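Asks: I'll drop the sequence and a predicted model, then ask my questions.
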Amino acid sequence: MEELTKAEERIMQVIWDLKKAFVKDIIAELDDNPKPPYNTVSSIVRILEKKGYLSYTAYGKTYEYYPIISKEEYAKTSFNKLFSGYFDSSPVNLLSFMVKDQKLNESDIAELRKLIDQNSK
């Protein structure tokens with residue numbers, strides 16, 4: 001699975017939320033002010049289609065896009081790259097980072113302990 005740029009990922013987030021969308025629908029959902037130009041969003045959508053993230057249904061010259069890679073599938077792949085690249089595929093390194101640098105509260109730590117205990121059975 002080819003990695004996405006920040007702009008591509010932002011567009012995919014909108015499409016995952018909408019399930020299917022025309023370019024105008026994507027633009028309407030973006031929080032940007034001012035909104036990005038139609039041609040810019042259209043170009044990004046076509047790139048996503050070429051990368052294998054989207055497909056479309058054609059209505060004449062208008063295209064309705066829908067994801068063919070699930071958000072969960074993308075999240076798993078992205079996390080695995082992050083996990084191996086920044087934490088050397090070590091759960092200890094990841095948890096150490098979360099506890100020390102992310103300032104987890106007692107409730108978060110208790111929930112993590114519960115998950116670890118459930119997984120070790």
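Replies: Structure received.
Asks: thought Val99 was touching Glu106?
Replies: No. Val99 lies out of contact with Glu106 (C-beta atoms under 8 Å); the separation is 11.3 Å. All C-beta atoms are positioned from the backbone trio N, CA, C, and that covers glycine.
Asks: With neighbour numbers in mind, choose between the two.
Replies: Shown here are Val99 and Glu106; by other C-beta atoms under 10 Å, Val99 has more neighbours (13 against 7).
Asks: since we're on the closest residue to the more buried one other than its chain neighbours, how many residues are nearby?
Replies: Sequence neighbours aside, Ile109 is the residue nearest to Val99 in space, at 7.0 Å (criterion: C-beta to C-beta, 6 or more residues apart in numbering). If you count neighbours by other C-beta under 10 Å, Ile109 ends up with 13.
Asks: Quick check: the gap between Ile109 and Asn93.
Replies: According to C-beta to C-beta, to the nearest Å, Ile109 and Asn93 sit 17 Å apart.
Asks: same deal with Lys20?
Replies: From Lys20 over to Asn93 the distance is 39 Å, taken as C-beta to C-beta.
Asks: ok, and what's touching the host helix or strand of Ile27?
Replies: For Ile27, the host element (DSSP states H and E) is helix 23-29. The contact list for helix 23-29, computed with C-beta atoms under 8 Å, 6 or more residues apart in numbering, reads 11, 14-15, 17-18, 21, 35-36, 38, 41-42, 45, 63, 65.
Asks: pretty sure Tyr53 is touching Leu4, no?
Replies: Yes. Tyr53 lies in contact with Leu4 (C-beta under 8 Å); the separation is 7.4 Å.
Asks: Tell me which stretches of this protein form helices.
Replies: Using DSSP state H, the helices of the chain run over residues 6-18, 23-29, 38-50, 71-87, 91-101, 106-119.
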